[in-house]
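**Q** Build me a structure from this.
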Amino acid sequence: MPYRSNYNQNLPKVQSEFEEKIIQVNRVSKKTKGGNRSSFSVLMVVGDRKDRLGVGLGKATEVSSAVVKATTYAKKHLITIPLKGNTIPHEVYVKLGAAKVLLKPAPPGAGVIAGGTVRTVIGVTGIRDIVSKCLGTKNKASNVYATMEALKKLRILADRNIGTRDQKTETNNIDR
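**A** The predicted structure follows:
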């Protein structure tokens, strides 16, 4: 009978504020002089189901180490997504490499209409009503990064007018 068999059962579980989802686990092998060297790469998405999202890629000789690396990278590089209720403020189309992603706002109650990796990415952000389409490639990593870029391009209407010519002239007239 092992000495510490019930050791982890007595510890309280720490609830993280982030939800972590593994998108892809790749086994990578490299040919070396002494034989083959194998490692793992893990693509993860981290979100708080409110408005923050991060994507991380971790590489290590063990899957668990790669997951930890990907999670820490994703948590360090979080972005905040502007939401309009439970959906996105406007339509956005992004082409990143071979991946093309189209995101459209949906009416309340429509749900998440997305496939594959876009559904996973949208799921951890907290967006409840959205329509999306992946075009160009079926590569999971490319689609995740394209979705991330599309979400970075979102702006609320009040933010669009910042930096326009009318506001600059108004501020210059006030200073004079």
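**Q** And the strands in the protein, which stretches?
**A** 19-32, 35-47, 52-60, 79-80, 92-96, 99-105, 112-113, 130-135 (DSSP state E).
**Q** can you put the ones you listed in CSV and add distance to Val121, mean neighbour count and mean pLDDT?
**A** Every residue, glycine included, has its C-beta placed from N, CA and C. Below are the strands of the chain laid out as CSV (distance: least, C-beta to C-beta, whole Å; neighbours: other C-beta atoms under 10 Å; pLDDT from 0 to 100):
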stretch, distance to Val121, mean neighbour count, mean pLDDT
strand 19-32, 8, 13, 94
strand 35-47, 5, 18, 95
strand 52-60, 7, 20, 95
strand 79-80, 11, 14, 94
strand 92-96, 13, 16, 95
strand 99-105, 10, 21, 95
strand 112-113, 10, 16, 94
strand 130-135, 9, 18, 94
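**Q** Which one of those lies nearest to Val124?
**A** Nearest of these to Val124, taken as C-beta to C-beta: strand 35-47 at 3.0 Å.
**Q** Domain-wise, how is the protein divided?
**A** 19-79, 82-156 (the TED database).
**Q** ends of the longest one, how far apart?
**A** What that stands for is domain 82-156. Length of domain 82-156, first residue to last, C-alpha to C-alpha, to the nearest Å: 6 Å.
**Q** Stretch 116-132 too?
**A** End-to-end distance (C-alpha to C-alpha), stretch 116-132: 11 Å.
**Q** Centre of the chain to stretch 93-102, how far?
**A** 15 Å (C-alpha atoms, centre = their mean, to the nearest Å).
**Q** can you list the residues that contact it?
**A** With contact meaning C-beta atoms under 8 Å, 6 or more residues apart in numbering, stretch 93-102 is reached by 91-92, 103, 118, 132-137, 139, 142-143, 145-147, 149-150, 153.
**Q** for stretch 42-52, same thing?
**A** With contact meaning C-beta under 8 Å, 6+ apart, stretch 42-52 is reached by 17-26, 53-59, 63, 66-67, 69-71, 74-75, 78-83, 120-121, 123-126, 140-141, 144.
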